[in-house]
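A.B. asks: sequence and predicted structure are below.
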Amino acid sequence: MGKIGVNEQCPCGSGKKYKKCCINKQIEERNNRILEKENLDREYINGKEEHSAKIKFCMNYYQELFPEHKIINMTNVLTTDNYKEIQLKNFNKNTIMLTERTDTNGELFDEKSNNDQNDLIVMYKGSYRTFEAISIMKYLNDVKKMIETRDKGYSDN
């Protein structure tokens, strides 16, 4: 279906011109989608402002290890639905994203992890690792290797 002219009959079947019927509703829906995306982008850029002790420790630890990288908390933002979009947005950036398991993102953890005790996801340039935050030291080399490998592999971009 092509673009509807403002003076054409409304496709809803009311018999009114489009400009006198559904155009405002569609404009409002479009504006709401734009606003929702802007809010998501704002949350995404800023990350979660209040951090749990676990996520704060991990963020501080990774910031010390990777000072040239931006470390952000995606706990309030990341879901199964937007996971790929967020990974793609950061693909060519030096942004390490951390997400703590919550009731709203638990499905993503279930999808990405084979261990229901894993409560943290670290994402970087399309890669991710899940683990128990309490075991950050145990998985540090794995995360460090992931980041260094991705940096090396995509340094030409």
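C.D. replies: Received it, and whenever you're ready, just let me know what you need. Residues are numbered from 1 along each chain as shown.
A.B. asks: can you pull the pLDDT of the most centrally placed residue in the chain?
C.D. replies: For the chain, the residue nearest the mean C-alpha position is Ile86 (3.8 Å; CA atoms, centre = their mean). In this prediction, Ile86 carries a pLDDT score of 88.
A.B. asks: the helix or strand hosting it: how far from the chain's middle?
C.D. replies: Using DSSP states H and E, Ile86 falls within helix 83-89. Put simply, helix 83-89 sits 6 Å off its chain's centre (CA atoms, centre = their mean, to the nearest Å).
A.B. asks: can you give me the mean pLDDT across the helix or strand hosting Gln26?
C.D. replies: Using DSSP H and E, Gln26 sits within helix 23-46. Mean pLDDT, helix 23-46: 66.
A.B. asks: still on that earlier bit, give me the buried positions along the helix holding Ile86.
C.D. replies: For helix 83-89, the neighbour count (16 or more other CB atoms under 10 Å) marks Tyr83, Ile86, Gln87 as buried. Glycine gets a C-beta too; all of them are placed from N, C-alpha and C.
A.B. asks: what is the nearest of these to Asn76?
C.D. replies: Using CB to CB, Ile86 is the member of those that sits closest to Asn76, with 12.2 Å.
A.B. asks: rewinding a little: so who does the residue nearest to the centre of the chain touch?
C.D. replies: Tyr44, Met74, Val77, Leu78, Met97, Met123 (CB atoms under 8 Å, 6 or more residues apart in numbering).
A.B. asks: all the strands of this protein, residue numbers only.
C.D. replies: With DSSP state E as the criterion, the chain has strands at 70-73, 95-100, 120-124, 127-131.
A.B. asks: just checking: what are the partner strands of the shortest one?
C.D. replies: Strand pairing for strand 70-73, determined by DSSP bridges: strand 95-100 (parallel).
A.B. asks: show me how the chain divides into domains.
C.D. replies: Annotated domains of the chain cover 1-46, 49-153 [automatic domain parsing].
A.B. asks: go through the ones you listed and pick out the most buried.
C.D. replies: Stretch with highest mean neighbour count among the domains of the chain: domain 49-153 (a mean of 16; mean count of other CB atoms under 10 Å).
A.B. asks: what about the spatially closest residue to Asp110 that is not a sequence neighbour, distance to Gln9?
C.D. replies: Excluding the flanking residues, the one nearest Asp110 by CB to CB, 6 or more residues apart in numbering is Asp116, at 7.3 Å. Distance, Asp116 to Gln9, using CB to CB, to the nearest Å: 55 Å.
A.B. asks: no further queries at this time; thank you.
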